[in-house]
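S.K.: structure for this input, please:
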Amino acid sequence: MDEKFNATIETCLIAGKIILQSGGETYRVEDTMTRIAAALGLQDAQSFVMPTAIIFTADGGSAHPTTRMVRISERSTDLRKVTLVNAISRRISSGGLSAEEALAMLRQIDASGTSYPLWLQVVAAALVSGSFLIMFKGEWYDFGAACLAGGIGYYGSYWFHRLVAIKFFAEFLAAWIIGVVAFVMVHYGAGRDLDAIIVGSVMPLVPGVLITNAVRDLMAGHLVSGISKGAEAFLTAFAIGSGVAFVLSLFSKGVGL
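M.R.: Purely as a prediction, here's the structure:
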């Protein structure tokens, strides 16, 4: 099996892996891998993508096709990486990149970190929280409280994801923190509408991209991926709601400050 064939398969797998881990849809992953394989000379390549694994099969001219699988253990949202992989895929399709050149570029993208530093993400989450508060017809008086609660909640979610391996536990704790911060702000007069502050603050935690991808995968006929992503989005939303409900139930029973 020659080096070009191996490089082609590796290029397809790492391109699909980056897109899937960065929040891309299942059909986009399969389409990108098929287009790259065809552009590099593998016309009969087949791929099967699930949220947790990628299976790719290609025939390099031998009697037995080569099948490889990549396990996907972590998924996030980084649309910059999806855009970069799509750009490389277009260059491959136009004949502007060889398999070896594309593979080197994809490995560099895969090894790179997030687009923005953590402090900027926290600031953005805080501003988003305040903006959603206003969009939901909240008062400007509560804008600062929503920003503070949303920023602290997002920061907590980031670290809980790194410290706790259990899925959805980080969302529950982050929502719990948001509820506590919002209640403290209202209790000491820094906010007025507790419900509006909490609703605005939890919006950065809501799995909007996951919900969108679940619907798009279902519409594209990828039932397994669509249902599994929908279930993950539902459980994430349930964890967020449970964290807020837990705080509200505590303080409604007289657990004051």
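S.K.: the stretch 1-150 of the chain: strands as residue ranges?
M.R.: 46-50, 53-58, 66-71 (DSSP state E, counting those that start in this stretch).
S.K.: what's in contact with the shortest one?
M.R.: To tie it back to what came earlier, the one meant is strand 46-50. 12, 16, 20, 26, 29-30, 33-34, 54-58, 222, 224-225, 228 (CB atoms under 8 Å, 6 or more residues apart in numbering). Glycine gets a C-beta too; all of them are placed from N, C-alpha and C.
S.K.: just to revisit the earlier point, of all the strands of the stretch 1-150 of the chain, which lies closest to residue 127?
M.R.: strand 46-50 (34.7 Å; CB to CB).
S.K.: pull out the buried residues from that closest one.
M.R.: 46, 47, 49, 50 (16 or more other CB atoms under 10 Å).
S.K.: still on that earlier bit, reformat the strands of the stretch 1-150 of the chain as JSON lines; add mean pLDDT.
M.R.: Below are the strands of the stretch 1-150 of the chain laid out as JSON lines (pLDDT from 0 to 100):
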{"stretch": "strand 46-50", "mean pLDDT": "88"}
{"stretch": "strand 53-58", "mean pLDDT": "89"}
{"stretch": "strand 66-71", "mean pLDDT": "87"}
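S.K.: and residue 98, which of the ones you listed is closest to it?
M.R.: Minimum separation from residue 98 across the strands of the stretch 1-150 of the chain (CB to CB) falls at strand 53-58, 16.8 Å.
S.K.: just want the angle from that closest one to strand 66-71.
M.R.: 160 degrees (axes from the mean of the first three to the mean of the last three CA atoms, to 10 degrees).
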